[in-house]
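# got a structure for you, letters missing:
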């Protein structure tokens, strides 16, 4: 195996951010094949413990990388290995969605995002483990920091693989907290753009008015780069804001459920940002927002029942008890209650501008604490789901480590469709809010 | 063949509305097999001229009907033959989406709506012809009133099959005007519920923030029945409004493009409704709404490019020139322009309440005139697309015939998510606005 023969830089190629990978390849310092080989070597060494991958074809990935090496630069992701959460269709790999119903299932086409990444030169390394249909029933993945703990979910494999340097970036989806929670538990960046920013065509939908496509990465610039490719935005070129941004501290109505590590992560970040010159006024969430968690549950159950109607009627034995309970709840939910929840969410969205006030972004808790022990649950989605239903962009930054070394992320929340500013603020925050 | 042996009623079984089919089967007056056989006989007689079906398996449909006859009543659509626009996945029939790229393509699962219809006892008769990916490039279907004219599109086969009594009801989708236009050209009911009311899981999306699932039928009650099954609403039980409803006459900024037949259809309906006691005040559409057509074009192109990314990058030769031009336009559209159009539409939606004023619904033109001659175009979507982007429920009623006997529908528009009231108003209007 010549996999590691070209990894002559100080930093092994599998640890490079996507932006440096494309630069290095463009400058002829290393090849796409060498990068892919380094990622595969890392997977080879660690997959037995981590279980991040639902499907991997090393030979196909290397062949693709060699093909890229032999041609002209294809686009802004030329040679970048990417992990794809196994809820996105791929025409050349199985798409099993974390469900035994779809064992070996081969779609006819790529999801929009997969086709777009390939066209930009990415090497689709394989499919990452997802909780069943991007819900709560976990897959096999463990936490890279402690194999007895959950990596979070439902984008479990994408978060673990990126955190463990198996791949620089991976795609995720968030219906409740499925991008930001595993990113927080695994100590990486998780970026959920505004609802609707990235196409969902070819994604197995979990809940239509909540599902948002996003990115797991080890740097904000990489998250921005992938989002750029998928939307045509100019996020990657943004840089950080020039002056201290106006950030509000929004503890939310769930603050009582935050554990000591989360309190320390949020208050500590707030203190450091104040020292750096950000005013960080407290932002109160109006009482009406407390209804969001219930509204999200109603919408999630109603829509999931419809999204899983075929599986429910034809393959009920293949559905976990946990998901079955939600589907039953969804089919029992009257349409009027569903529309009530949709309307409630819409009305609260209309009040976001007032809540944000003069702030460019809000600093909020991301998770109740470090990744819980055990693999039977992927953790609590409440802190993340609150913002998902509001359709605002959110990002988690790995600014804090608990006493035992486990990561706890903070959450930054942007104004609706103000993804560009959120990332600029996040760059400023990331440089100042960390403990290390 | 014993197909027609049980058609002893005055009305042949293939001409019965869905509601009477379920009643007749429940009362033992005829069987599901006889209904399906009558529909198949009609197809046998007329499909050569009409070309409404992309796929039909008569034996499988009859077997399903016999299976229903042998068991208990399954649900509110027990024994009702339904046509499915060929953009919805079906696990037991090809799904070709009007594209040579997908010739013979067999999905693994049913779309949510298909699974739900089956579970309610429907007989999925087959797949109806769609324009390419529910866009503008037409399929083979002709207009039941005149085979030299378009049936409209993109739900061409669903509209023609329902109009020609091949099936009582069929599913359609509307991105611009793909339900109401063919319904109007074919002289039937076309109902587009509020955006988001019916699940799109398993639908080949054309444009994510526009696509709306709806129903083609020969009676309002049947359209309501199918929508009930798909959402859990209580539309079918609604009946008409008790008193003359408040209907506004909204000619829209496109009125100059309305031909004589449309002017006659709208003004004639308005006059008859006034006679029947509806005040029918004129409702002016604020000037800002004139931007909707351009915004819809921008959104449609941007989102279609993403929705067709795989086909674009892997099967470009299989894409029509007409669609290719839109995809190219979409990939050339900056994200900022797209978000601008999305925001514009959202702002105008927020102004709908004020525009509706005291009115329960608006009477508006549906199409520029009768179905145009020729099969190379499916007609102009502007009058329908205006409301699609506003996400409001719309219905067309076949109240008018031009001098040559060709139908021209009127359009009724409901308030956002007020689908129930729109159908009640439509029942009242349908009983009073027709010429015959």
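Yep, that arrived. None of these values were measured; they are calculated from a predicted model.
# ranges for the strands of the stretch 201-350 of chain A?
A:212-217, A:247-249 (DSSP state E, counting those that start in this stretch).
# name the helices or strands packed onto the first one?
Read it as strand A:212-217. Contact here means 3 or more C-beta pairs under 8 Å, 6 or more residues apart in numbering or on different chains; DSSP states H and E; on that basis strand A:212-217 packs against helix A:156-163, strand A:169-174, strand A:189-192, helix A:220-231. Using the backbone N, CA and C atoms, a C-beta is placed for each residue, glycine as well.
# ok, now the shortest one?
Here strand A:247-249 is seen to pack against helix A:260-275, strand A:361-365 when contacts are counted using 3+ C-beta pairs under 8 Å, 6+ apart.
# Of these, which is nearest chain B?
Closest to chain B of the helices and strands packed on strand A:247-249 is strand A:361-365 (C-beta to the nearest C-beta; 18.2 Å).
# how big is the angle separating the closest one from helix A:260-275?
With axes from the mean of the first three to the mean of the last three C-alpha atoms, to 10 degrees as the basis, strand A:361-365 and helix A:260-275 are set at 150 degrees to each other.
# what's downstream of strand A:361-365, the next helix or strand?
helix A:382-388 (DSSP states H and E).
# closest one to residue B:224 among the strands of the stretch 201-350 of chain A?
Residue B:224 lies closest, by C-beta to C-beta, to one member of the strands of the stretch 201-350 of chain A: strand A:212-217, at 32.7 Å.
# who's in contact with that closest one?
A:17-18, A:113, A:155, A:158-159, A:162, A:168-175, A:179, A:182-183, A:188-200, A:203, A:222-223, A:226-227, A:230, A:388, A:391 (C-beta atoms under 8 Å, 6 or more residues apart in numbering or on different chains).
# Stretch A:38-54 now?
Outside stretch A:38-54, the residues that reach it (C-beta under 8 Å, 6+ apart) are A:1, A:3-4, A:7, A:12-14, A:56, A:58, A:61-62, A:81, A:83, A:86, A:94, A:96, A:98, A:125-130, A:139-142, A:144, A:147, A:151, A:156-158, A:160-161, A:164-167.
# ok, residue A:290 - how many residues close by?
13 (other C-beta atoms under 10 Å in any protein chain shown).
# Neighbours of the spatially closest residue to it that is not a sequence neighbour, how many?
Once flanking residues are discounted, residue A:290 sits nearest to residue A:253: 4.5 Å by C-beta to C-beta, 6 or more residues apart in numbering or on different chains. Residues near residue A:253, counting by other C-beta under 10 Å, number 18.
# show me what contacts residue A:253?
With C-beta under 8 Å, 6+ apart, residue A:253 has these contacts: A:285, A:287, A:289, A:290.
# what's the spacing between it and residue A:393?
Using C-beta to C-beta, to the nearest Å, we find residue A:253 at a distance of 21 Å from residue A:393.
# Show me what from the stretch 1-150 of chain A comes close to chain B.
Proximity of the stretch 1-150 of chain A to chain B, by C-beta under 8 Å from any C-beta of the partner chain, involves residues A:91, A:102, A:105, A:107-112, A:114-116, A:118-119.
# rerun that using 10 Å as the cut-off
The stretch 1-150 of chain A comes close to chain B at residues A:89-91, A:95, A:101-102, A:105-119, as judged by C-beta under 10 Å from any C-beta of the partner chain.
# Give me the buried subset of those residues.
Among the residues of the stretch 1-150 of chain A next to chain B, the ones that count as buried by 16 or more other C-beta atoms under 10 Å in any protein chain shown are A:89-91, A:95, A:101-102, A:107, A:109-119.
# and residue A:277, how many residues sit next to it?
12.
# Would you agree it is in contact with residue A:244?
Yes. Under the criterion of C-beta atoms under 10 Å, residue A:277 makes contact with residue A:244 at 3.8 Å.
# Overlap in contacts, the two.
A:428, A:432 (C-beta atoms under 10 Å, 6 or more residues apart in numbering or on different chains).
# what is the mean pLDDT for the lengthiest helix in chain A?
When chain A is parsed with DSSP state H, its longest helix is helix A:32-50. Regarding helix A:32-50, the rounded mean pLDDT is 98.
# right, and the helix or strand after it?
Helix A:32-50 is succeeded, C-terminally, by strand A:53-56 (DSSP H and E).
# Residue A:380 against residue A:176, yeah?
Yes. Counting by C-beta under 10 Å, residue A:380 touches residue A:176, with 9.4 Å between them.
# ok, those two, which is more surrounded?
residue A:176 (29 against 18).
# so that one, which of the three states?
Judged by DSSP: H, G, I helix; E, B strand; the rest coil, the three-state class of residue A:176 is coil.
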